[in-house]
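**Q** Show me the folded form of this:
(2 chains)
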Amino acid sequence: MSSYKYHVLICGGTGCTSSKSELIKDNLENILKEKGLDNEVQVVRTGCFGFCEQGPIVKFLPDNTFYVQVKPEDAEELVNEHVIKGRKVERLLYVEPTEKEKIDESKKMPFYKKQIRVALRNAGLINPDDIDEYIANDGYQALAKALSMTPEEVVEEMKESGLRGRGGGGFPTGLKWAFAQRAQGDIKYVVCNADEGDPGAFMDRSVLEGDPHSVIEGMAIAAYAIGAKKGFVYIRAEYPLAVKRLQNAINQAKEYGLLGENIFGTDFSFDLEIRLGAGAFVCGEETALIASIEGYRGEPRTKPPFPANKGLWGKPTIINNVETFANVSPIILKGAKWFRSLGSEKSPGTKVFALAGKVNNVGLVEVPMGITLREVIFDIGGGIRENRKFKAVQTGGPSGGCIPAEYLDTPIDFDTLTALGSMMGSGGMIVMDENTCMPDVAKFYLEFSVEESCGKCTPCRIGNVRLLEILDKITSGRATIEDLDRMKILGETIKDSALCGLGQTSPNPILSTMHYFKDEYEAHVLDRTCPAGVCKNLITYKIDKEKCVGCTACARVCPVEAIKGSIKQPHEIDQDKCIKCGACYATCRFGAIEKI
Amino acid sequence: MPKIKSLEDLLKQKEAAKDKLSLRKIAEDDNIITLRVAMGTCGIAAGAKETFDKLLETIEEKKLENIRVIQTGCMGYCHAEPTVEVVEPGKEPILYGKIVGDKAKELIEKHILNGELLQDSIIGETHTSINE
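**A** Numbering: from 1, shown residues only, chains lettered A, B, ... in the order given. Sure, this is the predicted structure:
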């Protein structure tokens, strides 16, 4: 038992930091010092708690009180009430969105109830800048254990665990290691792919920010297993906090001798360096990533040869993603059998998802594989905002697809998502409600892929631009039914012929939305309407004469003076002048303006 | 900074660092004993803060690891403040009243260590909670 009465944990992830969590910590510390309580209360800045929607989060221990949306100026009240008087500050407690009930402890929150944290085991618990806290929670014991095993035994354990690459492809990690172990070469490398680029995904960033040592330890174990002495973490420069914490963690591990020469007194030596990427999406593709580390343009090449045989500088290299490495230590320490007790038969373990879009509880969640989409979106995510209807969930980022409501009860793992025409990807999960237009969504993702294409191969460089042009025709009401067929054929051709994963998967958002929401595409093409009321060219604003009271509010906000009418008389919109900005629609308090 | 050269070194380092996390790990554990000290205005006025400190002090002195002391709002027994509720996993909670001075130490020595109730200090529950 430590001499502190309270530990106050403050989320130090990127989200909460941008909402001034650092200032909350400073304020708390200053006030505690003023009142002579700094020996009784320890304030710790941790990694992400996952509940980003409600950030900044401040958690009081040991009573587990979970305060949400805390502001720096709340610090004084928290100290006066919680610490000194022992009363909870009611107004800062979380209000559950469906029942409107206040919940004071994280354990009682539906958001946390179904979660199992393996990769995120330390995020939100330890101070990522203190190696001792990582060690106190069993850190580096797995490395010590691995070093007492033979490299073959380590690989065997990983194979048995059934861990599949969490970066998206889902390739068996143990098998990848076995290839690199068998590959000939005196020099081998271990690379961590931290080039998280999917729109809406932030799990790798959160692991690195909240628990950088778990990645270092996983990489060291991998290095021992394949016989590498050197490792690189390729991380995008847009993640400054993650870079800073990781660099600090590397320095601390070196000081302790947990990186460097003769680790744990054995003849195993391993050193680690950070390589910054400029944030190009294609650099998440392993061959492009290798080129980028070598100092060339981040362009992919054909495989084989696979990096496990010919990788960085032509040497055998394993590249795993951040979350994959974070899973390694618990597997070695607790065994493959324990890992297999979580998740589904073919996809053991847990997966971290970045839940975003129109759900009530946006955030980072780690759940066992095999959980259904409904459980994630409705139980953990708290359902759809403003009680709207669920329409689809987009998984796998720009490489994935949209899954409609009828598949909400599908257990999620690598294979089921692929079977539905989407994919796991790195774990982005964007929830869409009835006000989402599917061709418009497909256009958003395709625009991303077009912008991020490296341009090396023709199908991706030119094919995707042509796809985007057709989508543009569809959403602006200029397309014909032949365009739909053309888009499908072109999409499938790009899938078959592009050089790397980016190109091969870029038509997925189109193909999957065309498959599940064909009606919507047809409505755009045949009826020239947008059922969701999103595509500007296809909607018309009209005033319902019965409901209009003639308050003139709409006429006043219209930027092009398209609304005419005298006061207290029904108004009218001049369709020729209307630019469909929707200002009148948003302004009318009588529901008199219709969007058709 | 001493280098960690063996598993023994690592475990030593872990032992030394353990205290940093003990309070946090205890909070996550469902199998621990919780001592709830009522700290409403009446409780504080009756000396609940001293009771709270005394409980912590005794726990530290006896090096007990599976126990946490948390403060709660007024439990409604203002006449018997300071009140301490002992919640052991899988058992009915026991509510003690007028835990002042050496009573706090006694509570830990007798109830927690020897499983012996402090008969004189128990207050009978007079209400049912909707959460139970």
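
**Q** who's in contact with residue A:455?
**A** Applying Cβ atoms under 8 Å, 6 or more residues apart in numbering or on different chains to residue A:455 gives the contacts residue A:461. In this view, the C-beta of every residue, glycine as well, is placed from N, C-alpha and C.

**Q** Try it again at 10 Å.
**A** Counting by Cβ atoms under 10 Å, 6 or more residues apart in numbering or on different chains, residue A:455 touches A:282, A:297, A:299, A:461, A:462.

**Q** ok, now residue A:462?
**A** Per Cβ under 10 Å, 6+ apart, neighbours of residue A:462: A:453, A:455, A:494.

**Q** Can you tell me what sits against the lowest-mean-pLDDT helix or strand in chain B?
**A** One helix or strand of chain B scores below all others by mean pLDDT, DSSP states H and E: helix B:41-45, with a mean of 82. Residues from elsewhere that reach helix B:41-45 (Cβ under 10 Å, 6+ apart): A:84-87, B:37-38, B:48-52, B:71-84.

**Q** List the buried residues in it.
**A** Neighbour-count burial for helix B:41-45, with 16 or more other Cβ atoms under 10 Å in any protein chain shown as criterion, is recorded at B:42, B:43, B:44.

**Q** Quick one: list the elements packing against the next helix or strand after it.
**A** Following helix B:41-45 in sequence order, the next helix or strand is helix B:48-61 (DSSP states H and E). Contact here means 3 or more Cβ pairs under 10 Å, 6 or more residues apart in numbering or on different chains; DSSP states H and E; on that basis helix B:48-61 packs against strand B:33-38, helix B:41-45, strand B:67-72, strand B:84-87, helix B:103-106.

**Q** Run the angle between helix B:48-61 and strand B:33-38 for me.
**A** 160 degrees (axes from the mean of the first three to the mean of the last three Cα atoms, to 10 degrees).

**Q** got the buried residues for helix B:48-61?
**A** By neighbour count on 16+ other Cβ under 10 Å, the buried set for helix B:48-61 is B:48, B:49, B:51, B:52, B:54, B:55, B:56, B:58, B:59.

**Q** and the third one, what is it in contact with?
**A** In other words, residue B:51. By Cβ under 10 Å, 6+ apart, the contact list for residue B:51 reads B:35, B:37-39, B:43, B:69, B:81-84, B:98-101, B:103-104, B:107.

**Q** Could you count how many residues lie near residue B:124?
**A** By other Cβ atoms under 10 Å in any protein chain shown, the residues close to residue B:124 number 7.

**Q** so is residue A:94 in a helix, a strand, or just coil?
**A** Following DSSP: H, G, I helix; E, B strand; the rest coil, residue A:94 is assigned to strand.

**Q** and it, bridged to which residues?
**A** residue A:103 (DSSP bridges).

**Q** starting at the chain centroid, how far to the longest helix belonging to chain B?
**A** Longest helix in chain B, counting residues (DSSP state H): helix B:7-28. Centroid separation between helix B:7-28 and its chain, computed with Cα atoms, centre = their mean, to the nearest Å, is 20 Å.

**Q** nearest to residue A:248, of the buried residues of helix B:41-45?
**A** Lowest distance from residue A:248 to the buried residues of helix B:41-45 (Cβ to Cβ) belongs to residue B:44, with 41.2 Å.

**Q** my guess is residue A:595 meets residue A:541, correct?
**A** Yes. Under the criterion of Cβ atoms under 10 Å, residue A:595 is in contact with residue A:541, at a separation of 6.0 Å.

**Q** overlap in contacts of the two?
**A** Here residue A:595 and residue A:541 share the contacting residues A:580, A:582, A:585, scored by Cβ under 10 Å, 6+ apart.

**Q** How about the contacts made by the first one?
**A** By that I understand residue A:580. A:535, A:536, A:537, A:538, A:539, A:540, A:541, A:562, A:573, A:595.

**Q** which residues does residue A:141 contact?
**A** Taking Cβ under 10 Å, 6+ apart as the test, what residue A:141 contacts is A:135, A:217, A:329, A:332, A:333, B:7, B:10, B:11, B:14.

**Q** ok, 7 Å please
**A** Contact partners of residue A:141, counting by Cβ atoms under 7 Å, 6 or more residues apart in numbering or on different chains, are A:333, B:10.

**Q** Check it and give its pLDDT.
**A** On pLDDT, residue A:141 comes in at 97.

**Q** how close does it sit to residue A:57?
**A** Between residue A:141 and residue A:57 the distance is 29 Å, computed by Cβ to Cβ, to the nearest Å.

**Q** re earlier: going by neighbour count, which of the contacts of helix B:41-45 are buried?
**A** A:85-87, B:37-38, B:48-49, B:51-52, B:71-72, B:74-75, B:77, B:80-84.
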